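Student: Predicted coordinates and the sequence they were generated for:
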Amino acid sequence: MGLDEVDRKILKELQTDGRASFRELSSRIKVSTPTVSSRVQTMTDNGLIKGYSVLLDADMLGQISVATLLEAKPSDIDRVVNRIKDEEIVRQIHVLSDSRVLCVLSFYDQKRYQSFVQSLSNIAEIHRIDNSMILRTAKELPRASLTDETGLLIKCYYCGHMIKDEGVKIKLDGKTHYLCCGVCAKLYKEKYEKMKQAAIGAAVA
C-alpha cells in the first residue's frame, strides 16, 4: 500500500519534531488541520506510527552502553528474545540473519551489568556471547527512513498475510480496517459484527 506526498511530509515533520501540534503541521505542509489529524490517526491505527518519545543522550546521563551479540540456533531465537526482552538493561534487540541477536545494553551500575551477563550464561539456548563497550555514538537516527519509494506493508486484519497492491479498505464504526481481498473483507466484517453484538449483549447482561 502506498504513502502519498502528504503522508510523507507529515511523517518527516513528525520525525523532526514529534511534539508539533496538528495545527503546526498543517501550516508547515500547507494542508488543513483535519487532513493532518485524519492522516495521523490512520497511520497510527495501521501501526506505522508506533508512538512518540523523547530521544535521550545516554552519555550525558552517565550511562555505560554495551553491544552484545548472542548466538543461538534459528529455532531457538524467539525463545532467547522472550527471555531478555523485558529486562530494563536491554534497550534494543535486533534479530540478525545469521542466527544471532544484537542487543544494546545501557546501565549505571557495573554490578547490574555483571548480573545480567551471568543470567545470559544460564540460558541454555545461547551458544556464544560477545560483548563490546560502546565508546561513542557517531550517528543515531530512527531506523525508519522516508524516501519517495517508501511504501506501506500492512498485515491483513483477517488472515494476517501481507497486503499487496491496495488491498481492500472497509470502515467500521468510524475506523478503517485493511484486508487483502474481498473474501477476507467479507469474513472479517461478519466476525466483527458477531464480536460487536456479543460485546453489546455482555454489557446489557
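Tutor: Yes, it's here. Remember, it's a predicted structure, so these values are computed and weren't measured experimentally.
Student: Please make it C-alpha for all contacts and neighbour counts, starting now.
Tutor: Fine.
Student: Any idea how many residues pack against residue 195?
Tutor: The number of residues packed near residue 195 is 12, by other CA atoms under 10 Å.
Student: how close does residue 98 sit to residue 32?
Tutor: Between residue 98 and residue 32 the computed distance is 47 Å (CA to CA, to the nearest Å).
Student: who's more crowded, the two?
Tutor: residue 32 (13 against 10).
Student: Show me where the chain dips below the pLDDT cut-off.
Tutor: 1-2, 147-151, 205 (pLDDT under 70).
Student: Now do the strands in it.
Tutor: 64-72, 90-95, 100-107, 126-133, 168-172, 175-179 (DSSP state E).
Student: Minimum distance to residue 8: which of the ones you listed has it?
Tutor: Closest to residue 8 of these is strand 175-179 (CA to CA; 19.3 Å).
Student: Angles on the backbone of residue 137, please.
Tutor: phi -110, psi 110 (degrees, to the nearest 10).
Student: State the distance from it to residue 143.
Tutor: Taking CA to CA, one finds residue 137 at 15 Å from residue 143.
Student: More neighbours: which of the two?
Tutor: Neighbour count, other CA under 10 Å: between residue 137 and residue 143, residue 137 has more, with 10 against 6.
Student: If I follow the layout properly, residue 90 ends up in contact with residue 101?
Tutor: No. If you go by CA atoms under 8 Å, residue 90 and residue 101 don't touch, sitting 11.9 Å apart.
Student: Quick one: residues contacting the residue nearest to residue 161 when sequence neighbours are not counted.
Tutor: Distance criterion CA to CA, 6 or more residues apart in numbering; nearest residue to residue 161, sequence neighbours excluded, is residue 155 at 5.3 Å. By CA atoms under 8 Å, 6 or more residues apart in numbering, the contact set of residue 155 is 161, 162, 163, 178, 179, 180.
Student: beta partners for residue 155?
Tutor: Per DSSP bridges, the residues bridged to residue 155 are residue 162.
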